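**Q** Give me a model of this one.
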Amino acid sequence: MNKITFKNRMYKKGSIVWMERSKAMPYFFIVKSGQLKRFLRIMLDEDVTFLNSGDTFGLIACLTGHAYLDRLVAVKDTEVIMIDKKDIVPFLSGKPDIFIKIASDYSNRLRKINQKLFKLCSRSPYMDLPRYLLEIGNYFKQRNLLSHYLYALSKYVEYAADEGSRQQAVKLMESLKSEQNITIREPVRMGAHLIYQPGDIIFLEQEKGENFYFIEQGKVKISHIDREKEFVIAILQQNEFFGEMAILNQLKRNATAIAFSETKLLELSKDTFMNQLGAKILEKIFTSFARRIWYSYRRSINLSYKNPVTRLYDCLDFIIQSKEGRQKDQSYFFDISLTDLRVMTNTSEEPDNVIKDFLNDDNIRYNYGKLSINKIAKYYDTLKIYLTRERSM
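**A** A predicted model of the protein is given here:
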């Protein structure tokens, strides 16, 4: 086993560690002494946090290679420990307490980002209450997803404190079971593995969680459901994990997870997962974490733009950065349609005349329903104009 080497670096009080959109460094950092201040601006909303001795930073950019989204400034003379990208997993594998702390910190950050996303995309306020399960159930009922409706009612009955409402939900459940022969679809269990069919509920927001999951095969849709619609946060794929927020921080699920295809999951617990997973999978877990946080940050920034045309152009940029699609010479080809793009940018209900500048852009093409950019350089010139206008609003 190669010996892990550490580097130390000093930052004088007032010095800038990095700026927004700076190129990522191939290091993971630990604050040894001093204090750093992190600024993350999403339009007029600025999130400020302080990093003190023992805190970590830089993992997201290090693992994904994406540019930094925040600004980091030394509040005091600060010494940091730098760990090379190749040494991150070997270092954390031998220190489960630090691993859990970092995972918990990043889980909290992801939860906060998702709450921002909910506010930006949803007309209904997010409710951290058991009765929100009834709202979710009604969403399923309206779409004739009665097994899902039954599942939501069962969870409400499990958590509800109001006996009257609880009994009403019990009667609805009995009616669905006896009169309509509806049952809750259960996964097939094979040891520590669970197999779900497409559309099966893995868990709903507001549920209590004791386990989290690693995707060995298939895809999982992570979403927020309000009274009117479903907002898709992410489609997770093989080698990604989810559900860790509830167990690492002892909080309720704050998103819904549904199998997007036939899916095989490895079920993990806080106490055992370090022993169940090898170094390669631990690396995939942290890379998955980093990707999800970056993606959610990036979507929050996108949805905060006031001009829907800016959101459309900017969304193509973060899809390119996510390496979803393919470049050929000076062109870029996406695997999404205009309809998909409008859903992602919350512009589905905008009239065509409001986004006509995007629709009439001859640099944006449609190939068998899929979007493409004819000349990437020209596209980025256009994006720069809209982002400049946005910042001056």
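
**Q** measure the nearest residue to residue 207 once chain neighbours are set aside to residue 114 for me?
**A** Ranked by Cβ to Cβ, 6 or more residues apart in numbering and with sequence neighbours excluded, the top spatial neighbour of residue 207 is residue 253, at 4.6 Å. Placement of C-beta: from N, CA and C, glycine included. Separation of residue 253 from residue 114 (Cβ to Cβ, to the nearest Å): 11 Å.

**Q** all helices of the stretch 51-200 of the chain, in order?
**A** Along the stretch 51-200 of the chain, counting by DSSP state H, counting those that start in this stretch, helices occupy 59-64, 88-93, 96-121, 132-142, 146-159, 163-179.

**Q** Sorry, slip of the keys, the one I care about is the stretch 251-393 of the chain.
**A** Counting by DSSP H, counting those that start in this stretch, the helices of the stretch 251-393 of the chain are 273-276, 279-304, 308-321, 338-344, 356-359, 376-391.

**Q** For the helices of the stretch 51-200 of the chain, state which one has the densest average packing.
**A** Mean neighbour count (mean count of other Cβ atoms under 10 Å) peaks for helix 59-64 among the helices of the stretch 51-200 of the chain, with a mean of 22.

**Q** Show the pLDDT at the nearest residue to residue 264 once chain neighbours are set aside.
**A** Closest residue to residue 264 apart from its sequence neighbours, by Cβ to Cβ, 6+ apart: residue 217 at 4.1 Å. Residue 217 carries a pLDDT value of 94.

**Q** count of neighbours near residue 197?
**A** Neighbours of residue 197 under the rule other Cβ atoms under 10 Å: 13.

**Q** Now for it: which residues touch it?
**A** Residues near residue 197 by Cβ atoms under 8 Å, 6 or more residues apart in numbering: 185, 259, 262.

**Q** of these, buried ones?
**A** residue 259 (16 or more other Cβ atoms under 10 Å).

**Q** which ones are touching residue 172?
**A** Each residue near residue 172 by Cβ under 8 Å, 6+ apart is listed here: residue 153.

**Q** Output the below-cut-off pLDDT ranges for the stretch 151-300 of the chain.
**A** For the stretch 151-300 of the chain, the stretches flagged by pLDDT under 70 are 227, 246-250, 270-281.

**Q** Swap in 80 and give it another go.
**A** Scanning the stretch 151-300 of the chain for pLDDT under 80 picks out the ranges 226-229, 232-234, 244-251, 269-290, 292-293.

**Q** hmm, back to that, okay if I get the helices of the stretch 251-393 of the chain as JSON lines plus mean neighbour count and distance to residue 61?
**A** Output for these, formatted as JSON lines (neighbours: other Cβ atoms under 10 Å; distance: least, Cβ to Cβ, whole Å):
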{"stretch": "helix 273-276", "mean neighbour count": "15", "distance to residue 61": "25"}
{"stretch": "helix 279-304", "mean neighbour count": "20", "distance to residue 61": "8"}
{"stretch": "helix 308-321", "mean neighbour count": "21", "distance to residue 61": "12"}
{"stretch": "helix 338-344", "mean neighbour count": "18", "distance to residue 61": "23"}
{"stretch": "helix 356-359", "mean neighbour count": "15", "distance to residue 61": "30"}
{"stretch": "helix 376-391", "mean neighbour count": "14", "distance to residue 61": "20"}
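
**Q** Could you export these to a markdown table, including columns for distance to residue 70?
**A** Shown next, in a markdown table, are these (distance: least, Cβ to Cβ, whole Å):
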| stretch | distance to residue 70 |
| --- | --- |
| helix 273-276 | 29 |
| helix 279-304 | 9 |
| helix 308-321 | 16 |
| helix 338-344 | 23 |
| helix 356-359 | 29 |
| helix 376-391 | 17 |
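
**Q** Residue 160 is nearest to which of these?
**A** For the helices of the stretch 251-393 of the chain, the distance to residue 160 is smallest for helix 279-304, at 30.2 Å, taking Cβ to Cβ.

**Q** hmm, back to that, from the contacts of residue 197, which land in strands?
**A** Those of the contacts of residue 197 mapping onto strands are residue 259, per DSSP state E.

**Q** from the contacts of residue 197, which single one is nearest residue 347?
**A** Nearest to residue 347 among these, counting by Cβ to Cβ, is residue 259 at 28.2 Å.

**Q** So the closest one sits against residue 215, correct?
**A** No. Contact criterion Cβ atoms under 8 Å: residue 259 and residue 215 do not qualify, at 9.9 Å.
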